[in-house]
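>>> model the structure of this input:
(2 chains)
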There are 2 protein chains.
Amino acid sequence: MAVYTEVSDEEVAAFVAQYDLGAVLSCKGIAEGVENSNYLIVTERGPYILTLYEKRVDPADLPFFLGLMEHLAAKGVECPVPVHGRDGAALRLLCGRPAVIVTFLSGLWPRRVQPEHCGPLGTALARLHLAGADFPLRRRNALSVDGWRPLFAASRDRADEVKPGLAAVLEEELSWLEAGWPRDLPTGIIHADLFPDNVFFRDGRLSGLIDFYFACEDILAYDVAICLNAWCFEPDGAFNVTKARLLLSGYVKERPLSPAEMAALPLLARGSAMRFLLTRLYDWLNCPPGAMVKRKDPLEYLHKLRFHQQVRGIGEYGLASAR
Amino acid sequence: MAVYTEVSDEEVAAFVAQYDLGAVLSCKGIAEGVENSNYLIVTERGPYILTLYEKRVDPADLPFFLGLMEHLAAKGVECPVPVHGRDGAALRLLCGRPAVIVTFLSGLWPRRVQPEHCGPLGTALARLHLAGADFPLRRRNALSVDGWRPLFAASRDRADEVKPGLAAVLEEELSWLEAGWPRDLPTGIIHADLFPDNVFFRDGRLSGLIDFYFACEDILAYDVAICLNAWCFEPDGAFNVTKARLLLSGYVKERPLSPAEMAALPLLARGSAMRFLLTRLYDWLNCPPGAMVKRKDPLEYLHKLRFHQQVRGIGEYGLASAR
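Numbering: from 1, shown residues only, chains lettered A, B, ... in the order given. As a prediction, this is how the structure comes out:
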């Protein structure tokens, strides 16, 4: 939960005056998201989201993110799109930070994931992958396998503060992942952060996807693996194979997985668990006291990692293997 | 900034289904306020505020607060009003907490107070006092002069951690205030927390008042003194007599201050400074690390207290004295 930059009433009024949105009737900081400052603004034209990009977002990436949202929306993916000002620009400065207004997406994200959420999620993810196929911009994934060792190095010496022996577990797993990471699977635009709080539902139907600020080019099936971890474990740590089956079935209905992708899924799931374990570990060890962000437990992802280490094939994720 | 209770999508949908508001299209936690959890919900009928009352609010006080909002609104004071469900009830339980939906008030609160804000503020405060005159419910002010000594006792031993000598300063001031606190000034319903973030403006006009959860019965001029402290000091600590003059002039236009009220204003301003100093000091010393609330500096109010200690009469607040 976070609003890092306090925007004054005068500043927001002057900012919105650059758009054909009428006057600002209300502006409230949203207590969600951990990377950027988000305000829900209500103008005479209705509700919109005002986002100020904070330090974790590289301004050089913004044309990629904003262009991607417009590209995906044009292809029928329900997602916010940047609103352009009267000067044609979508991206401008506010309080010294890059800022945009994006359209408001109705729906609520599921606080308790139900099996019924997982099929539509898989379908939406596959459609995103298909819709992104001809997006012309590129952005490498700084948080993929090549980025994990430097990230680990930044936490290694203190990892055992979180759990004795953790550094050794990570060291071994990292070497294994680096050695075996697939280099020939289909790649494309992935969301890379499609957690439940980034997926809206309304009346039991998926109404849209948000937060494309980790989107990048990477292995498409890795995005599926991220969702397996984010959606298919119960709060008590149990893996819900029904949810996984629905997620994967929803996905392959739109974009079939090749035998190679299926075979790689357990490894990709371990990689995804490693990625979130490492970033959470880093944040856990470096979160300043009094920070306004709830720290997420890195050990949740150690548990998920251990689960996938035992998986022998995609059948354990509920999907019949290709053979 | 705070959302203490996470309300699930299912819970909010079931809650809103008890009202004639249509389906919930969106529900976002608001990163404002420090006492309760607030969500901006958009239903098919438009935007509303959903408030869950957290531990600092005594449920027994809720009929007073909700009744007051309805009473004031009926008298023409722009403020949120509780929405009643189909069963007629406004107050019900959500996630184990008392919760209400109130109407949405448009406008933005001034992050940088300008002199132009202060006249309308004074006028609105006076109108609130007049409108509250025939409100039948009562609530004593637990944070008035009688409440300060126990509050001080809870922080005294550690007060000097914040500033050496602070405990002695507070002890002396507290005795002085207790000895001289007026017992015969006009009383009535006061807001008791009318800081800039509780006052909305739109198109240069005051559009409404919010957050009545400190409202109580107390000396009316004490409410004026709270506003003097909250609105008329610059960020660098300077007292802006122009703002004070506009605030007081706006007030007396609607509700003239008696000579006794005018004479008591410096003392009431010292009392108001003491009240916020003590609560901030307590929170400062007792704020758990990692709490999601920005701690407010108690010494800001020590500075204000020292200013009022030097004031010899209402003329120094910019208003000609009655004589």
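>>> any figure for the gap between A:Arg156 and B:Ala230?
Using Cβ to Cβ, to the nearest Å, A:Arg156 is found at 49 Å from B:Ala230. For glycine as for every other residue, the C-beta is placed from the backbone atoms N, C-alpha and C.
>>> same check on A:Asp87?
39 Å.
>>> these two - which one has more neighbours?
Remark: of A:Asp87 and B:Ala230, B:Ala230 carries more neighbours, 21 against 9, as counted by other Cβ atoms under 10 Å in any protein chain shown.
>>> which one is the more buried one nearest to, not counting chain neighbours?
If you skip the residues right next to it in sequence, B:Ala230 has B:Phe195 as its closest partner in space, 4.5 Å away by Cβ to Cβ, 6 or more residues apart in numbering or on different chains.
>>> can you check A:Arg92 too?
Spatial nearest neighbour of A:Arg92, excluding adjacent residues (Cβ to Cβ, 6+ apart): A:Ala99 at 6.2 Å.
>>> partners of that neighbour in the sheet?
A:Leu52, A:Arg92 (DSSP bridges).
>>> what count of nearby residues applies to it?
24.
>>> A:Leu50: what secondary structure?
strand (DSSP: H, G, I helix; E, B strand; the rest coil).
>>> centroid-nearest residue for chain A?
With the centre of chain A defined as its mean C-alpha position, the nearest residue by Cα atoms, centre = their mean is A:Asp193, 1.4 Å away.
>>> can you list the domain ranges for chain A.
Domain ranges of chain A: A:9-103, A:115-317, per automatic domain parsing.
>>> quick one: closest of these to B:Gly147.
Counting by Cβ to Cβ, B:Gly147 lies closest to domain A:115-317 out of those; the figure is 27.8 Å.
>>> and the strand or helix carrying A:Ala273, average pLDDT?
Element membership for A:Ala273 (DSSP states H and E) is helix A:259-286. The average pLDDT for helix A:259-286 rounds to 96.
>>> in that helix, what's buried?
A:261-285 (16 or more other Cβ atoms under 10 Å in any protein chain shown).
>>> and for stretch A:152-171?
A:152, A:155-156, A:159, A:162, A:166-167, A:169-170.
>>> end-to-end on it?
End-to-end span of stretch A:152-171 (Cα to Cα, to the nearest Å): 8 Å.
>>> kindly tell me how buried the nearest residue to A:Leu267 once chain neighbours are set aside is, as a neighbour count.
Computed as Cβ to Cβ, 6+ apart, the closest residue to A:Leu267 that is not its neighbour in sequence is A:Gly180, at 6.1 Å. As a burial measure, A:Gly180 scores 12 neighbours (other Cβ under 10 Å).
>>> for A:Pro150, same thing?
10.
>>> assign it to helix, strand or coil.
Assignment for A:Pro150 (three-state DSSP): helix.
>>> put the alpha carbons of stretch A:80-90 into PDB.
What follows is stretch A:80-90, C-alpha atoms only, in PDB (Å, rounded to 0.1, in the frame of the first residue of the first chain):
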ATOM      1  CA  PRO A  80      -6.200   0.300 -19.000                       C
ATOM      2  CA  VAL A  81      -5.100   2.600 -21.800                       C
ATOM      3  CA  PRO A  82      -3.200   5.900 -21.500                       C
ATOM      4  CA  VAL A  83      -5.300   9.000 -22.000                       C
ATOM      5  CA  HIS A  84      -3.700  11.500 -24.400                       C
ATOM      6  CA  GLY A  85      -3.700  15.200 -23.600                       C
ATOM      7  CA  ARG A  86      -4.800  17.900 -26.000                       C
ATOM      8  CA  ASP A  87      -1.200  18.100 -27.100                       C
ATOM      9  CA  GLY A  88      -1.300  14.500 -28.100                       C
ATOM     10  CA  ALA A  89       1.100  13.400 -25.300                       C
ATOM     11  CA  ALA A  90       0.200  10.700 -22.800                       C
END
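>>> buried sites along it?
Across stretch A:80-90, burial judged by 16+ other Cβ under 10 Å covers A:80-85, A:90.
>>> A:Gly271 versus the residue nearest to A:Leu267, what's the distance?
9 Å.
>>> over to A:Ile41?
Noted for A:Ile41: a distance of 38 Å to A:Gly271, by Cβ to Cβ.
>>> follow-up on the earlier one: gap between the residue nearest to B:Ala230 and B:Ile226?
Counting by Cβ to Cβ, the gap from B:Phe195 to B:Ile226 is 8 Å.
>>> between those two, who's got more neighbours?
More crowded of B:Phe195 and B:Ile226, by other Cβ under 10 Å: B:Ile226, with 26 against 16.
>>> I figured A:Leu246 was touching A:Gln114, is that so?
No - look at A:Leu246 against A:Gln114 with Cβ atoms under 8 Å: they stay out of range, at 9.9 Å.
>>> and those two? Which one has more around it.
Between A:Leu246 and A:Gln114, counted using other Cβ under 10 Å, the more crowded position is A:Leu246 (24 against 13).
>>> check contacts around the more buried one.
A:115-116, A:118-119, A:122, A:318 (Cβ atoms under 8 Å, 6 or more residues apart in numbering or on different chains).
>>> could you dump these to CSV with pLDDT, neighbour count and secondary structure?
Below are the contacts of A:Leu246 laid out as CSV (pLDDT from 0 to 100; neighbours: other Cβ atoms under 10 Å in any protein chain shown; DSSP: H, G, I helix; E, B strand; the rest coil):
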residue, pLDDT, neighbour count, secondary structure
A:Pro115, 97, 14, helix
A:Glu116, 97, 14, helix
A:Cys118, 98, 26, helix
A:Gly119, 98, 19, helix
A:Gly122, 98, 27, helix
A:Gly318, 92, 19, coil
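>>> of all these, which comes closest to chain B?
Checking the contacts of A:Leu246 against chain B with Cβ to the nearest Cβ, the nearest one is A:Glu116 at 11.6 Å.
>>> the helices in the stretch 51-200 of chain A, which residues?
Along the stretch 51-200 of chain A, the stretches classed as helices by DSSP state H, counting those that start in this stretch are A:62-74, A:115-131, A:145-153, A:156-162, A:166-180.
>>> same list, those helices, but as CSV with distance to B:Cys27 please.
Output for the helices of the stretch 51-200 of chain A, formatted as CSV (distance: least, Cβ to Cβ, whole Å):
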stretch, distance to B:Cys27
helix A:62-74, 22
helix A:115-131, 16
helix A:145-153, 34
helix A:156-162, 33
helix A:166-180, 37
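>>> closest one to B:Asn141 among these?
helix A:156-162 (46.9 Å).
>>> what's the closest one in contact with?
Here helix A:156-162 makes contact (Cβ under 8 Å, 6+ apart) with A:166-167, A:170-171, A:281, A:284-285, A:298-299.
>>> and the furthest pair within the residues you listed?
The widest separation within the contacts of helix A:156-162 (Cβ to Cβ) is 17.9 Å, between A:Glu171 and A:Trp284.
>>> count of residues packed around the closest residue to A:Arg111 other than its chain neighbours?
Nearest non-adjacent residue to A:Arg111, counting by Cβ to Cβ, 6+ apart: B:Ser8, 3.6 Å away. The local packing of B:Ser8 (other Cβ under 10 Å) involves 15 other residues.
>>> swap in A:Lys296?
A:Lys296 is flanked by 16 other residues according to other Cβ under 10 Å.
>>> same check on A:Pro59?
A:Pro59 sits with 11 neighbouring residues when counted by other Cβ under 10 Å.
>>> pretty sure A:Asn36 contacts A:Glu54?
Yes - A:Asn36 lies in contact with A:Glu54 (Cβ under 8 Å); the separation is 5.2 Å.
>>> what sits in contact with each of the two?
Taking Cβ under 8 Å, 6+ apart as the contact rule, A:Asn36 and A:Glu54 both touch A:Tyr4.
>>> with neighbour numbers in mind, choose between the two.
Comparing A:Asn36 with A:Glu54 by other Cβ under 10 Å, the one with more neighbours is A:Asn36, at 21 against 17.
>>> and the contacts of helix A:156-162, which is closest to chain B?
Chain B lies nearest to A:Trp284 out of the contacts of helix A:156-162, by Cβ to the nearest Cβ, at 11.6 Å.
>>> ok, the closest one - contacts?
For A:Trp284, the contact set (Cβ under 8 Å, 6+ apart) comprises A:162, A:295-298.
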